[in-house]
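Participant: pasting a predicted model and its sequence here:
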Amino acid sequence: QKEVEQDPGPLSVPEGAIVSLNCTYSNSAFQYFMWYRQYSRKGPELLMYTYSSGNKEDGRFTAQVDKSSKYISLFIRDSQPSDSATYLCAMSEDSSASKIIFGSGTRLSIRP
Amino acid sequence: DGGITQSPKYLFRKEGQNVTLSCEQNLNHDAMYWYRQDPGQGLRLIYYSQIVNDFQKGDIAEGYSVSREKKESFPLTVTSAQKNPTAFYLCASSTGQMNTEAFFGQGTRLTVV
């Protein structure tokens, strides 16, 4: 079993829809949770960063962490075609970037 | 503009040859990393360096080598010992000071022909 599981998709939704992306994990010691967005043939860029449990909102994006269920989510409201990308969840036990474990990514397509 | 520059963007290598991927950053970051990305798999850490003249093996270091002679530069050599080198290689950097955020370059796609 992988430490971090992420549905690879592809996920296709119409423009304006609410998108929910999810990851599950097995290591209860994870405390730092991240979402990266990666456009085709580009490097990933950090979207959201959360420490421990709870919600974090940034514009149209909301990240949720449920440590009791070992489950994290990224919600995208009013989705736009420019949101079409692969979304990678990532998590770490401590604040060292060398310890980050990445999910395999979910490919998202927003239809105009 | 500050950032991380990887070159070349595409690279072709014959079997049995070593090849070096370049990574340069002007973010004044202490820590630098090399990841490999394969279809259907998450990013896997090859090597990382927290400080100049020091580096550590990641999860999949076999068949790779690195050097960190300058703060700005962290080249990765894919040796002939790497059994399956065709992949997308990503370089990243971070401040290294209690900061998990990693900034990524645009990647190098290596193909063995």
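Facilitator: Received it, and whenever you're ready, just let me know what you need.
Participant: show me what the helix or strand of chain B with the lowest mean pLDDT is packed against.
Facilitator: Every helix and strand of chain B was ranked by mean pLDDT, DSSP states H and E. The lowest is strand B:103-104, at a mean of 91. In this structure, strand B:103-104 packs against strand B:87-94, with contacts taken as 3 or more CB pairs under 8 Å, 6 or more residues apart in numbering or on different chains; DSSP states H and E. Backbone N, C-alpha and C define where each C-beta goes, glycine included.
Participant: from the chain's centroid, how far away is the strand it packs on?
Facilitator: Here strand B:87-94 is found 5 Å from its chain centre; the criterion is CA atoms, centre = their mean, to the nearest Å.
Participant: in chain B, which residue is closest to the centre?
Facilitator: residue B:34 (2.9 Å; CA atoms, centre = their mean).
Participant: and it, backbone torsions?
Facilitator: Per-residue torsions, residue B:34: phi -120, psi 130 (degrees, to the nearest 10).
Participant: hmm, back to that, tell me the first helix or strand C-terminal of the least confident helix or strand of chain B.
Facilitator: strand B:108-112 (DSSP states H and E).
Participant: which residues does that next one contact?
Facilitator: Applying CB atoms under 8 Å, 6 or more residues apart in numbering or on different chains, the contact partners of strand B:108-112 are A:41, B:6-15, B:19, B:21, B:78, B:85-89.
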